[in-house]
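Student: Just a sequence and a predicted model for now, questions to come.
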Amino acid sequence: MIPRIDAKALLGGAAASQEAVRAAALEIGFMVLENTPFAPERMAGLIETYRGFFHLPEAQKARVDMAATGSNRGWGGMRSEQVDPGSNPDLKEVFDCGYEWPGAGRAGAPERYYAPNLWPDAPEGFRAEVEAYYREALGFCRALLGAVAEAIGEDRGYFAEKFAHPMALLRANWYPARPDWAGDKDFGIAPHTDYGCLTLLATDGAPGLEVLRRDGSWEPVSAPPGAFVINFGEMLEMWSGGRVRATLHRVRGGAAERISIPLFFNPQWDADVSPKGTQVPVRAGDHLSRRYDETYLHMSKAKG
Ligand SMILES: O=C(O)CCC(=O)C(=O)O
Ligand SMILES: [Fe+2]
């Protein structure tokens, strides 16, 4: 069972909440956070703002198509991403924006990790609302990662100091109703693990997300606006020496459209995410680049 945890109690240091997070991180890889600082109305509004964008005519969305760029900022159309080589490309559209760091080049960071965002001219107010959420969600993720570090027996700052310029990516997923012709290899998002440390996932409350249990069955999980599904990614699994679990999950897609908004909380590009005591460093940027090249089809094509 995926635990449901009170965010206020957790961030206030309540021992029972910490214990629940510890079990979630080390055994399940998923948890639901309730009683968060994000009001349900605000999150429902954000979802409607993204919906307004996804419902625009295709030609208008194409003006911010990431496929015309070498990076992953802006709109990604249907089947533009394949998260599982054994399944077909995903039946979803996405809108991605990320961390902008004007000094990235001077610091030696490759441009792709901190590429400039692309903003559509509609719906009105889209950019301001999304940017405000990005900033606040980033702050919340920082606090949360500190609490997770503590819960698994590390210093609060153990991971946090590698997030000065996080390669954090805010995405909206739009899953239209599952088409009649869809088969066994067609998913809204095929089974995958997330690439980074921690994912803060807001949803419209509709079911759809399923998490792989150890017995091989799939457990549905949902959270209404204002609550979040949290899961842990590949970098945190590596960084913690395999203690924290990055768990497979998927969305098949249903009769009605569905929107989810994950914030992938990734460390800064040059963070070493190898386990303690290993001789060979693993740079966060290299891991992310490899996974991006494998999944965004416009990037794997660009590589030849
Ligand atoms: O839509 C969802 O509930 C999950 C999305 C997801 O797993 C992802 O974007 O990585
Ligand atoms: Fe995911």
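Tutor: Yep, it's here. Everything quoted here is computed from the prediction, not taken from an experiment. Ligands and ions are numbered 1, 2, ... in the order given.

Student: contacts and neighbour counts: CA atoms only from here.
Tutor: Noted.

Student: Contacts only, for V83.
Tutor: Neighbour list for V83: P89, D90, I189, A190, P191, H192, E294, T295, Y296 [criterion: CA atoms under 8 Å, 6 or more residues apart in numbering].

Student: Recalculate using a threshold of 10 Å.
Tutor: For V83, the set of contacting residues under the criterion of CA atoms under 10 Å, 6 or more residues apart in numbering consists of 89-90, 189-194, 250, 291-292, 294-297.

Student: and whichever residue of the stretch 101-250 of the chain sits closest to ligand 1, how many neighbours?
Tutor: Ranking the residues of the stretch 101-250 of the chain by distance to ligand 1 (CA to the nearest ligand atom) places L209 first, at 4.5 Å. Counted by other CA atoms under 10 Å, the residues lying close to L209 total 21.

Student: quick one: it from Y99, how far?
Tutor: 26 Å (CA to CA, to the nearest Å).

Student: And the contacts of V83, which of them are buried?
Tutor: If you count burial by 16 or more other CA atoms under 10 Å, the buried members of those come out as 89-90, 189-194, 250, 292, 294-297.

Student: Among the residues you listed, find me the one that's closest to Y114.
Tutor: If you rank these by distance to Y114 using CA to CA, Y292 comes first, at 13.7 Å.

Student: How confident was the prediction at the residue lying closest to G77 once chain neighbours are set aside?
Tutor: Take G77 and drop its neighbours on the chain: the residue closest to it by CA to CA, 6 or more residues apart in numbering is E93, 4.8 Å away. The model reports E93 with a pLDDT of 98.

Student: My guess is E93 contacts W174. True?
Tutor: Yes. Under the contact definition of CA atoms under 10 Å, E93 touches W174, with a separation of 5.2 Å.

Student: Give me the more crowded residue out of the two.
Tutor: Shown here are E93 and W174; by other CA under 10 Å, W174 has more neighbours (25 against 20).

Student: Helices of the protein, start to end?
Tutor: Secondary structure of the chain, counting by DSSP state H: helices at 7-11, 15-23, 40-54, 58-61, 126-151, 234-239, 284-295, 297-303.

Student: Let me have those in CSV, adding mean pLDDT as columns.
Tutor: Listed next are the helices of the chain as CSV, based on pLDDT from 0 to 100:
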stretch, mean pLDDT
helix 7-11, 98
helix 15-23, 97
helix 40-54, 98
helix 58-61, 98
helix 126-151, 97
helix 234-239, 96
helix 284-295, 94
helix 297-303, 71
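
Student: So which of those is nearest S71?
Tutor: helix 297-303 (7.5 Å).
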